[in-house]
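**Q** output the structure for:
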Amino acid sequence: MKKVLLVTLLTVLSIVNANAQDIEFGVKAGLNFASINGDNTKDLGTVTSFNFGLMAEIPFTEKFSIQPELLFSGHGFSTGSDTNDFVALNYLNIPLMGKYYVTKRLSFEAGPQVGFLLSATDDNTKADVKNAYKDLDFGVNLGLGYKLDNGLNFSARYNVGLSDINEVKTDKNRNGVFQVSVGYFFF
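**A** Just a heads-up that it's a prediction; the model follows:
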């Protein structure tokens, strides 16, 4: 795991160095529609939360670029028919999106993501339940982006959780998050 993160970091740094004059930096924010999938999740529902953070776009060619991001992202699930009863899982996510521009503005996006669990709270009891969940979450993002010439951009993506988030050994659960965001590239 450490080797994969090190290779990814070195690759991104070398790309940044090679394309430093063309890099755009920006911010983004949006909504998450989150749930979990896996064992014993039939009666669990979706929660709405938010995401916000920083991003950069590093072009390789006119059609292909990489977009690393650093996002605070609210995940979780509702625990019954009352959507006010939910478990909130807050992550610091680091997606590394590859972007292929189909047109000058429209792009297909895909890439891996690692998430670090910051907090977990059962909203019904206000109890801290972080010990019930693993500290790391791995996933893959798939989505679409649309970028205007003035720096404003829009994206919609789905995060498919690949790793079991539960510390409980009998249940295997994965995050699933549909995310819509609006962003702005400063330069």
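
**Q** which parts of the chain are strands?
**A** 24-38, 47-59, 64-78, 86-101, 106-122, 127-128, 136-147, 152-161, 173-185 (DSSP state E).

**Q** export the third one to PDB, keeping only CA atoms.
**A** Listed next in PDB are the C-alpha coordinates belonging to strand 64-78 (Å, rounded to 0.1, in the frame of the first residue of the first chain):
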ATOM      1  CA  PHE A  64      -6.400  14.500 -21.800                       C
ATOM      2  CA  SER A  65      -5.600  15.900 -18.300                       C
ATOM      3  CA  ILE A  66      -5.300  14.700 -14.700                       C
ATOM      4  CA  GLN A  67      -7.300  16.400 -11.900                       C
ATOM      5  CA  PRO A  68      -6.000  15.700  -8.300                       C
ATOM      6  CA  GLU A  69      -8.400  16.800  -5.600                       C
ATOM      7  CA  LEU A  70      -8.500  17.200  -1.800                       C
ATOM      8  CA  LEU A  71     -12.100  17.100  -0.600                       C
ATOM      9  CA  PHE A  72     -14.000  17.000   2.600                       C
ATOM     10  CA  SER A  73     -16.900  14.600   1.800                       C
ATOM     11  CA  GLY A  74     -19.900  13.600   3.900                       C
ATOM     12  CA  HIS A  75     -20.900  10.000   3.400                       C
ATOM     13  CA  GLY A  76     -23.200   7.700   5.500                       C
ATOM     14  CA  PHE A  77     -26.600   6.100   5.400                       C
ATOM     15  CA  SER A  78     -30.100   6.400   6.900                       C
END
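
**Q** could you dump the strands of the chain to a markdown table with distance to residue 167?
**A** For glycine as for every other residue, the C-beta is placed from the backbone atoms N, C-alpha and C. A markdown table is the format used below for the strands of the chain (distance: least, CB to CB, whole Å):
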| stretch | distance to residue 167 |
| --- | --- |
| strand 24-38 | 14 |
| strand 47-59 | 20 |
| strand 64-78 | 16 |
| strand 86-101 | 12 |
| strand 106-122 | 10 |
| strand 127-128 | 14 |
| strand 136-147 | 12 |
| strand 152-161 | 15 |
| strand 173-185 | 10 |
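
**Q** columns mean neighbour count on top of those strands, output as a markdown table?
**A** As requested, the strands of the chain are exported to a markdown table (neighbours: other CB atoms under 10 Å):
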| stretch | mean neighbour count |
| --- | --- |
| strand 24-38 | 18 |
| strand 47-59 | 18 |
| strand 64-78 | 21 |
| strand 86-101 | 20 |
| strand 106-122 | 18 |
| strand 127-128 | 12 |
| strand 136-147 | 18 |
| strand 152-161 | 19 |
| strand 173-185 | 20 |
